[in-house]
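1. when you get a sec, could you give me coordinates for this:
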Amino acid sequence: MNAVDVIVRRWKVDTDSTVPPFEQIRLRILDLAAAGALAVGTRLPSVRSLATDLGVAANTVARAYRELEQAGIVVTAGRSGTAVASGGDRIGAQVAEAADVFAGVVKDLGMPGAKALAIVAAALDRDSVR
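-> Model prediction:
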């Protein structure tokens with residue numbers, strides 16, 4: 001499931017709420033990141049993409065992202081987009097970095113993602129048995 005699916009799944013901006021839409025979006029992403037539904041390193045959808053999916057103006061999503069970045073919840077790297085930050089979680093940051101390297105190797109070798117994930121799951125299971 002991609003980040004857009006996670007963010008918009010069974011949720012929408014409440015236009016009747018006294019809470020501004022940007023704040024609703026900010027809180028939604030914050031809650032999902034805190035719960036682990038958006039893991040460290042998860043790339044968030046582009047501002048325009050999420051705005052379209054939520055039916056709000058792009059500036060609304062941009063403000064939510066900007067406030068999340070100022071709080072250290074997400075990081076924005078220009079054209080690379082916006083991703084969930086480690087938030088001081090060194091272990092999460094190291095695992096996210098290793099996952100990026102692993103994903104690069106998987107793509108370079110042309111292995112299907114599902115097969116690579118099955119290999120990782122098996123490796124994790126083996127380590128828990130030892």
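
2. in the protein, which helix or strand is least confident?
-> helix 3-8 (a mean of 81; mean pLDDT, DSSP states H and E).

3. buried residues in whichever helix or strand comes after that helix?
-> Using DSSP states H and E, the helix or strand that follows helix 3-8 towards the C-terminus is helix 21-35. By 16 or more other C-beta atoms under 10 Å, the buried positions in helix 21-35 come out as 21, 22, 24, 25, 26, 28, 29, 30, 32, 33. Heads up, the C-betas are built off the backbone N, CA and C, glycines and all.

4. could you find the closest non-adjacent residue to the most centrally placed residue in the chain?
-> Here the mean C-alpha position of the chain is nearest to the C-alpha of residue 42 (C-alpha atoms, centre = their mean), at a distance of 3.2 Å. The shortest distance from residue 42 to any residue other than its chain neighbours is 4.7 Å, reached at residue 84 (C-beta to C-beta, 6 or more residues apart in numbering).

5. just to be sure, residue 117 is in a strand?
-> No: assigned with DSSP: H, G, I helix; E, B strand; the rest coil, residue 117 falls outside any strand and is helix.

6. stretch 68-75: how far from the chain's middle?
-> Once both centres are worked out by C-alpha atoms, centre = their mean, to the nearest Å, stretch 68-75 turns out to sit 12 Å from its chain's centre.

7. actually stretch 73-89, not the one I typed
-> The answer for stretch 73-89 is 9 Å, by C-alpha atoms, centre = their mean.

8. partners of the residue nearest to residue 42 in the sheet?
-> On the basis of DSSP bridges, residue 84 is bridged to residue 74.

9. in which helix or strand would I find residue 108?
-> Residue 108 belongs to helix 90-109, assigned by DSSP H and E.

10. keeping just the C-alphas, turn that helix into PDB.
-> Provided in PDB are the C-alpha atoms of helix 90-109 (Å, rounded to 0.1, in the frame of the first residue of the first chain):
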ATOM      1  CA  ARG A  90      18.500   6.500  15.200                       C
ATOM      2  CA  ILE A  91      17.500   2.800  14.800                       C
ATOM      3  CA  GLY A  92      14.600   3.700  12.500                       C
ATOM      4  CA  ALA A  93      16.900   6.000  10.500                       C
ATOM      5  CA  GLN A  94      19.600   3.300  10.100                       C
ATOM      6  CA  VAL A  95      17.000   0.700   9.100                       C
ATOM      7  CA  ALA A  96      15.500   3.200   6.600                       C
ATOM      8  CA  GLU A  97      18.900   3.800   5.100                       C
ATOM      9  CA  ALA A  98      19.600   0.000   4.900                       C
ATOM     10  CA  ALA A  99      16.200  -0.400   3.200                       C
ATOM     11  CA  ASP A 100      17.100   2.200   0.600                       C
ATOM     12  CA  VAL A 101      20.300   0.300  -0.200                       C
ATOM     13  CA  PHE A 102      18.500  -3.000  -0.300                       C
ATOM     14  CA  ALA A 103      15.800  -1.600  -2.600                       C
ATOM     15  CA  GLY A 104      18.500  -0.300  -4.900                       C
ATOM     16  CA  VAL A 105      20.100  -3.700  -5.100                       C
ATOM     17  CA  VAL A 106      16.700  -5.400  -5.700                       C
ATOM     18  CA  LYS A 107      15.900  -3.000  -8.600                       C
ATOM     19  CA  ASP A 108      19.400  -3.300 -10.100                       C
ATOM     20  CA  LEU A 109      19.100  -7.000 -10.200                       C
END
